[in-house]
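Enquirer: Dropping a prediction and its sequence here:
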Amino acid sequence: AAAAAAAALAEGDNSGADGAEGEVGASDGEAGVGAKPVVVFDKLDDEEARAVVGAVLGEWAKALPDAVTCDEWVAWALQTNYVAPLLDALGEVSHLTFGLRPGSRQHEAELMQACLERERRARVLETPGNDCCLISRDWWDSWQAYVKAVPPPASSFPPASLPSASASGSGSSHAAGPIEPGPISNHTLVSPPGTFDRLVGSGSSGRLRKGLVVDKHFVLVSEHVWEILFRWYGGGPRFRRRIMQTADGVDVELYPIFLKLMRHTHTSATRAGQDPDEVFAEKPQMRLWFHIEISRTQSLHEVINSVCSQQKELGRQSIAGLVPEGVRLWDFGNPLTPRRFSDDSMTVDEAGLTDGQQVLVEVRNADLSWPSELYAVYKAKSVDRSVVEVDSAVVAGKKKDHPIGATGLSNLGNTCFMNSALQCLSNTQAFTKYFRSGCYLKEINTTNPLGMKGLFAKRYGELVRQMWTAGKASVAPVKFRHAVAKQNSAFADHQQHDSQELLSAILDGLHEDLNRITDKPYIERKDSDGRPDAVVAAEHWDGHLKRDQSVVVDLFYGLFKSQLRCRECGFVSVTFDPFSLLTLPLPSETTAVLDIKLTPLDGSAPTRFAVEVDEGPTWSQVKAELAKLANLSPSEIVFVEMTGSTVHRIPHDDQKMRALSGHMLSAFQIRRSVA
């Protein structure tokens, strides 16, 4: 309403101008090209203007009780010189941002001229990374003749320009007078229907035909200018192109590449909480989803974002709620050796994607598993018990001769933190022997509300047996990761996590599933009362075992002694708390080893010395240590800061070194000074 009122007031001098003033109608457009209604405002009389302003301020007052009234606005307007510039600015915003059609050809030309001039000064069409749009030269010339505008100053990069009134009015095609150009028509730029009929995205309806020349067949405008003209006239199709940096300057990527996006037919086959063993009893099939137009300079992350947004235009074939975090891209240029793109910061060009190449869009299931991983589980279970490798290359089964225990864990995507923790546990011999022997099956606690009724322990036991089976090069811990995500939702987001935190969660999960105590009693802790530590520790440990007792407690738990002393009465309280993990500080380096090249006075070959000094030494301290190793007097040594054969400076002995390592220091033997 505010925009409409401002536009109406700003158009106060346009009565009688060319065009359909005072009417609201729809411009005639071609079917399917987005013809839009055109709104034109004419001059309002005083009562109408006051009614519009009153309505706007009334709506404002509903939301803000302390807002100004119409009378207050009029009183302020009569005392200030800001009203006219304000209305001009609001009118321009209304036309250029909200798409209100100007009431005259002259005003339309002035608005567009000012917009093009601002973009020329900002070098919008000369900045790599910006997007621009193509408009057919025929339509652009028709529009130029209609508005009869003055051209902006020329720039080094050929932008869209407006001709002078004399130039635009010349020619037989416009001899009969100005004619509205109608909806934007870019159909002359489209190649004939062919391979990429199922193109989706950004209002585009096909590929550009070959051999197009800028400023001959089309003009380049910014996205902002396209939006303005599209809202005024409608039409299409839209062709968005990216400006990129080349060896010769900036250029427009007229012909981006088109990818054939494939999709699994089992994308939604897995229900939340469904066991991975129950799905993908056969290799998941793929089918063509749609084609997408992308720039070679786009990153794969941008491609994924485009896929998620543009697939919404597919209607029944779209995926509701698709987000970038739930999408992975696979290169299926060679179907026999598919390759997953694990680094989405790469550009399309760096990834080696070419025009017409097949790319699989893998969509994560509702239970956070991936179709390729579920198929890997099935292969590991039913295809001659072969080794399954799931990485950035191929999901395939290969049997290799590997010694028992020398089995790796495949990276399922940001799971290196999990694999390192599992390898630590797997190589804890007593713990692994417990699971390999099957003893854990006899101690599963199915009634513990803090556990998973044995599922977590079973998944870990199955993984341990796979890792300690001879002949396996690597296994994919898909089912165990599924159990970890179910047991602790913090690890269900497929991001990097702290390995120690996961290790603690694994031990807690295994302990609760294998807790031998089914009915936990209440234990009251007693004060030490000066008793010996051994007695108090045994008492606390017994109390702990009455509530928590499992193989995890047997192998990974201890007691941590805490002592509190009252400063006033001297009373001492000693407690022993169970722990499974200790956080220890890493020792910091307090010394550094310097690599020093000493050149003797007699001109013989230099000798290299490794000198160990404390942190932050002075040159005199380094000189003293070097003198001991070289059997010289410190006064016979001089240090020189050099780069190649160039001497930068000779430091003073009392100065501190600016760097302790990372480069070789040069020292020279000199004659001892004689007093």
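Expert: It's in. Numbers count the residues shown, from 1 in each chain.
Enquirer: show me where pLDDT drops low in the stretch 151-300 of the chain?
Expert: For the stretch 151-300 of the chain, the stretches with pLDDT under 70 are 151-177, 193-206, 266-284.
Enquirer: Please, where are all the strands along it?
Expert: Secondary structure of the stretch 151-300 of the chain (DSSP state E, counting those that start in this stretch): strands at 184-185, 218-222, 235-236, 240-246, 249-252, 257-264, 286-294.
Enquirer: Check the stretch 1-150 of the chain too.
Expert: Counting by DSSP E, counting those that start in this stretch, the stretch 1-150 of the chain has strands at residues 24-26, 37-39, 131-136.
Enquirer: now do the stretch 451-600 of the chain
Expert: 474-475, 558-565, 572-579, 591-599.
Enquirer: The longest one packs against which elements?
Expert: In this case it means strand 591-599. Under the contact criterion of 3 or more CB pairs under 8 Å, 6 or more residues apart in numbering; DSSP states H and E, strand 591-599 touches strand 607-614, helix 619-630, strand 664-669. The C-beta positions use only the backbone N, C-alpha and C, and glycine is treated the same way.
Enquirer: Turn these into CSV, including distance to Val478, mean pLDDT and mean neighbour count.
Expert: CSV is the format used below for those (distance: least, CB to CB, whole Å; pLDDT from 0 to 100; neighbours: other CB atoms under 10 Å):
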stretch, distance to Val478, mean pLDDT, mean neighbour count
strand 607-614, 49, 88, 14
helix 619-630, 56, 90, 18
strand 664-669, 50, 84, 17
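Enquirer: just so I know, which of these lies nearest Arg287?
Expert: Among the helices and strands packed on strand 591-599, the nearest to Arg287 by CB to CB is strand 664-669 (62.2 Å).
Enquirer: Which residues does Gly236 form beta bridges with?
Expert: Listed by DSSP bridges, the beta-bridge partners for Gly236 are Ser185.
Enquirer: can you tell me how far it sits from Arg207?
Expert: 15 Å (CB to CB, to the nearest Å).
Enquirer: Surely Asn305 and Pro324 touch.
Expert: Yes - between Asn305 and Pro324 there is a contact at 5.6 Å, judged by CB atoms under 8 Å.
Enquirer: Tell me if I'm right that Tyr440 and Arg516 touch.
Expert: No - using CB under 8 Å, Tyr440 is not in contact with Arg516; the gap is 11.4 Å.
Enquirer: These two: which is more packed in?
Expert: Neighbour count, other CB atoms under 10 Å: between Tyr440 and Arg516, Tyr440 has more, with 21 against 12.
Enquirer: contacting residues for the more buried one?
Expert: Tyr434, Ala457, Gly461, Leu514, Val551 (CB atoms under 8 Å, 6 or more residues apart in numbering).
Enquirer: Can you report phi and psi for it?
Expert: phi -60, psi -30 (degrees, to the nearest 10).
Enquirer: now the strands of the stretch 451-600 of the chain as TSV including mean pLDDT?
Expert: Output for the strands of the stretch 451-600 of the chain, formatted as TSV (pLDDT from 0 to 100):
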stretch	mean pLDDT
strand 474-475	81
strand 558-565	91
strand 572-579	90
strand 591-599	85
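Enquirer: Now distance to Glu253 and mean neighbour count too, for those, in CSV please.
Expert: Output for these, formatted as CSV (distance: least, CB to CB, whole Å; neighbours: other CB atoms under 10 Å):
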stretch, distance to Glu253, mean neighbour count
strand 474-475, 41, 22
strand 558-565, 63, 11
strand 572-579, 60, 15
strand 591-599, 50, 16
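Enquirer: For these, please prepare CSV with the additional fields distance to Ile637.
Expert: Converted to CSV, these look like this (distance: least, CB to CB, whole Å):
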stretch, distance to Ile637
strand 474-475, 56
strand 558-565, 53
strand 572-579, 53
strand 591-599, 7
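Enquirer: With respect to Val484, which of those strands lies nearest?
Expert: strand 474-475 (15.4 Å).
Enquirer: ok, that closest one: who's next to it in the sheet?
Expert: By DSSP bridges, strand 474-475 pairs with strand 408-409 (parallel).
Enquirer: shaky segments in the stretch 451-600 of the chain?
Expert: Residues of the stretch 451-600 of the chain meeting the criterion pLDDT under 70: 470-472.
Enquirer: Helices along that one, start to end?
Expert: 455-467, 478-487, 499-513, 533-545, 551-556 (DSSP state H, counting those that start in this stretch).
Enquirer: just checking, what packs against the shortest one?
Expert: Helices and strands touching helix 551-556, as assessed by 3+ CB pairs under 8 Å, 6+ apart, comprise helix 429-436, helix 499-513.
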